[in-house]
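Asker: okay, predicted coordinates and the sequence, questions at the end:
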Amino acid sequence: MLRKSELTWFYEQGGASNIFPDAWDEYLKPIPEEERHNMIEAYHKRLTGSDEEERIRCAKAWSTWECSTSKLYVDPVEVAKASEDIWALAFARIECHYFFNKGFFKTDAHILENIDKIRHIPATIVQGRYDVVCPATSAWDLHKAWPEAQFEFMADAGHSAKELATTARLVKAADEYKTL
């Protein structure tokens, strides 16, 4: 789910910045201090601007922040991807555009407000216990609104679907649903 509180937690000062202050400082660098009150807007402006050098610099900073924080244990191979111009630009622009447009949802709680439209669909909610990108409150709130869905906290995972426990649980869920 995409809610302002999660975006604020991860992309604005005060949440994940307290857990990863070193990576946070690098994320802040391309944005002038007077624009740091809304980092998503500031990044969106630069990632969609006409200055190619600035777009790439911001894309690398955004992508490095994400790759440095999304796993329980930082994966240097993932972080290294953020230094690749094309990969970083594609990753950062897609993600920032989505967040800048509030996920293209009508309200902050759109999924929760419309849960009855999907309640009949078999589903599994898999959440990394140590996910700092999307804190567990989102998945927990979804679970409470949709108790019919299977729910599992992955005790040894962060945000990434590439973490072993999360990958295994997602594959298990896909196998369970393949005959629907």
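Answerer: Received it, and whenever you're ready, just let me know what you need. This one's a predicted model, so the numbers in the text were calculated from it and none came from an experiment.

Asker: pick out the residue closest to the middle of this structure.
Answerer: Residue closest to the mean C-alpha point of the chain, counted by CA atoms, centre = their mean, is Val133 at 4.8 Å.

Asker: doesn't Thr107 belong to a helix?
Answerer: No: assignment of Thr107 by DSSP: H, G, I helix; E, B strand; the rest coil gives coil, placing it outside any helix.

Asker: ok so, going back, skipping adjacent residues, who's closest to the residue nearest to the centre of the chain in space?
Answerer: His159 (3.9 Å; CB to CB, 6 or more residues apart in numbering). (C-beta placed from N, C-alpha, C; glycine too.)

Asker: isn't that neighbour right up against Ser68?
Answerer: No: with contact defined as CB atoms under 8 Å, His159 and Ser68 do not form a contacting pair (11.4 Å).

Asker: now the common contact residues for these two.
Answerer: Listed as contacting both His159 and Ser68 by CB atoms under 8 Å, 6 or more residues apart in numbering is no residue at all.

Asker: what does the longest helix seen in the chain rub up against?
Answerer: In the chain, assigned by DSSP state H, the helix with the most residues is helix 52-69. Identification of contacts with helix 52-69 by CB under 8 Å, 6+ apart yields 10, 16, 19-20, 23-24, 26-27, 29-31, 43, 46-49, 74-75, 78-79, 81-83, 85, 87-89, 91-93, 95-96, 132-133, 158-159.

Asker: go with 6 Å
Answerer: If you take CB atoms under 6 Å, 6 or more residues apart in numbering as the criterion, helix 52-69 is touched by 16, 20, 23, 27, 30, 43, 46-47, 74, 78-79, 82, 85, 88-89, 91-92, 132.

Asker: next: stretch 32-48.
Answerer: 11-12, 31, 54-55, 58, 62, 92-93, 96, 99-100.

Asker: apply 7 Å and report the result again.
Answerer: With CB atoms under 7 Å, 6 or more residues apart in numbering as the test, stretch 32-48 has contacts from 7, 11-12, 28, 30-31, 54-55, 58-59, 62, 92-93, 96-97, 99-100.

Asker: domains for this structure, by residue range?
Answerer: Using automatic domain parsing, the domain ranges for the chain come out as 4-104, 110-177.

Asker: turn those into a markdown table, including mean pLDDT.
Answerer: What follows is the domains of the chain, written out as a markdown table (pLDDT from 0 to 100):
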| stretch | mean pLDDT |
| --- | --- |
| domain 4-104 | 94 |
| domain 110-177 | 96 |
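
Asker: tell me where this structure has helices.
Answerer: Remark: helices assigned in the chain by DSSP H are 4-11, 21-28, 39-47, 52-69, 76-81, 85-100, 110-113, 136-145, 164-177.
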